[in-house]
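Asks: got a sequence here, can you model it:
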Amino acid sequence: MKPPPQPSAMDALHEAGIRMAEALQAGPPWLEQFWLFLTSHLDPNSIYTVCFPLARGLDDHVSVMVLWIALVAEWLNVVLKWFLFGERPYWWIHESGLSSREQLPLRQFPASCETGPGSPSGHCMILGAALWPIVTALTNEVSRCTRRRVLRLIPFLVYILLLVAMGLSRIFVLAHFPHQVVTGSLAGMALGWGLQRWPPNFLKYRFFLAAALGLLLSALALHGLATAAGLDLDWSIRRAGARCSDPSWLRPETRPWASLCRVGGSALGLALAARHPLSRRAAEELQGLEPPLGSAALGLLALDVLHKLPKSEDTALWYLNVGARYTLGPVLVCSLLPQLILTLRRLRGTP
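Replies: Modelled structure (predicted):
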């Protein structure tokens with residue numbers, strides 16, 4: 001009689017992650033609601049629709065850096081997921097046979113059924129990268145007010161705690177294993193630090209236009225080359241459909257091509273905003289407005305309305321619709337709404 005096959009190191013790592021998810025799901029109900037709120041409201045989409053417009057309350061440059069770093073991080077995350085072939089806990093427990101060997105008290109949630117591969121975590125990677133310029137700006141503001149080192153470290157400590165909480169929430173909903181959230185967080189921090197050190201010229205619209213085309217075409221080329229080489233990059237979509245406990249939880253927003261529509265649309269939107277910037281006089285007048293949160297709040301409201309509009313059921317039109325919305329977002333926040341604010345203030349006669 002042959003002995004049972006020994007689990008590989010990766011299987012052992014995955015099973016350890018399942019045990020951690022069990023411990024988290026066994027926690028108190030109030031903590032469960034916190035994990036669900038965090039993973040649902042701080043997804044990659046929120047960087048484009050919430051963090052980007054709110055960052056204008058700090059500085060225009062910071063807000064554009066947030067968007068630029070987010071779209072680069074999301075593109076890189078999609079490419080890494082394609083070629084790392086990471087499993088997700090909610091389907092791995094069935095595919096590995098673990099659920100048939102023992103009774104697992106694990107539950108799925110609407111946020112569980114991500115359709116892309118699992119490694120690295122997009123939530124952690126994109127959040128960690130995009131928040132880096134905000135943390136840097138807040139640290140600089142605190143440093144101007146105090147010389148106490150402990151106080152100057154508060155923004156960075158909050159940032160680390162947020163990444164840890166996000167990682168735990170992703171493990172809780174069975175969307176990721178612990179090693180996937182750790183690698184995603186570290187990659188996001190490194191990317192945010194690196195891209196902030198070498199920012200693009202935000203007044204050169206040709207750069208963002210080339211970035212939009214380059215990111216989309218390179219993704220198409222990589223996908224085509226991988227398919228020609230015999231790699232199945234869409235395996236995770238079929239596996240998600242087979243293992244998700246509720247088909248309505250399979251959201252098209254979690255597919256890799258939806259992420260690429262966000263990336264290409266946002267880069268094109270930055271190009272259009274840079275092509276038609278505010279005049280120097282208007283920019284100086286806008287900088288003199290107090291408080292600066294008015295433009296940020298108006299941008300947040302406009303993007304919320306924009307992304308709540310209904311989408312087409314046709315697949316091709318759905319992707320086109322997503323790309324158009326994310327193209328319009330930077331134009332609204334960076335150009336149209338600031339000009340609207342200035343026009344209204346001039347009409348009211350406010351100096």
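Asks: thought residue 240 was touching residue 117?
Replies: No: if you go by CB atoms under 8 Å, residue 240 and residue 117 don't touch, sitting 9.8 Å apart. (Each C-beta comes from the backbone N, C-alpha and C, glycine too.)
Asks: touching both of the two, which residues are there?
Replies: Common contacts of residue 240 and residue 117 (CB atoms under 8 Å, 6 or more residues apart in numbering): residue 88.
Asks: these two: which is more packed in?
Replies: Neighbours per residue (other CB atoms under 10 Å) separate residue 240 from residue 117, with residue 117 holding more: 25 against 22.
Asks: how about the host helix or strand of residue 220: buried residues?
Replies: Assessed by DSSP states H and E, residue 220 sits inside helix 205-228. Burial within helix 205-228, assessed by neighbour count using 16 or more other CB atoms under 10 Å, is assigned to 205, 207, 208, 209, 211, 212, 215, 216, 219, 223.
Asks: likewise for stretch 252-259?
Replies: 253, 254, 255, 256, 257, 258, 259.
Asks: how near is the residue nearest to residue 94 when sequence neighbours are not counted to residue 197?
Replies: Distances taken as CB to CB, 6 or more residues apart in numbering put residue 243 closest to residue 94, at 5.4 Å, once the chain neighbours are dropped. From residue 243 across to residue 197, the span is 41 Å (CB to CB, to the nearest Å).
Asks: higher neighbour count, these two?
Replies: For residue 243 versus residue 197, neighbours defined as other CB under 10 Å are more numerous around residue 243 (18 against 7).
Asks: the stretch 1-150 of the chain: strands as residue ranges?
Replies: Counting by DSSP state E, counting those that start in this stretch, the stretch 1-150 of the chain forms no strands at all.
Asks: so what's residue 313 up against?
Replies: Counted by CB under 8 Å, 6+ apart, residue 313 has zero contacts.
Asks: please apply the same query to residue 86.
Replies: Contacts of residue 86 by CB under 8 Å, 6+ apart are 117, 118, 119, 120, 177, 180.
Asks: also residue 202?
Replies: Residue 202 is in contact with 61, 64, 270, 274, counting by CB under 8 Å, 6+ apart.
Asks: flag every buried residue along the helix or strand where residue 187 lies.
Replies: Per DSSP H and E: residue 187 is located in helix 178-197. Buried residues in helix 178-197, counted by 16+ other CB under 10 Å: 178-185, 187-189, 191-192, 195-196.
Asks: that older thread, may I see the buried residues of stretch 252-259 arranged in TSV, with distance to residue 113, secondary structure and pLDDT as well?
Replies: Listed next are these as TSV, based on distance: CB to CB, whole Å; DSSP: H, G, I helix; E, B strand; the rest coil; pLDDT from 0 to 100:
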residue	distance to residue 113	secondary structure	pLDDT
253	11	helix	90
254	8	helix	91
255	11	coil	92
256	15	helix	92
257	17	helix	93
258	14	helix	94
259	16	helix	95
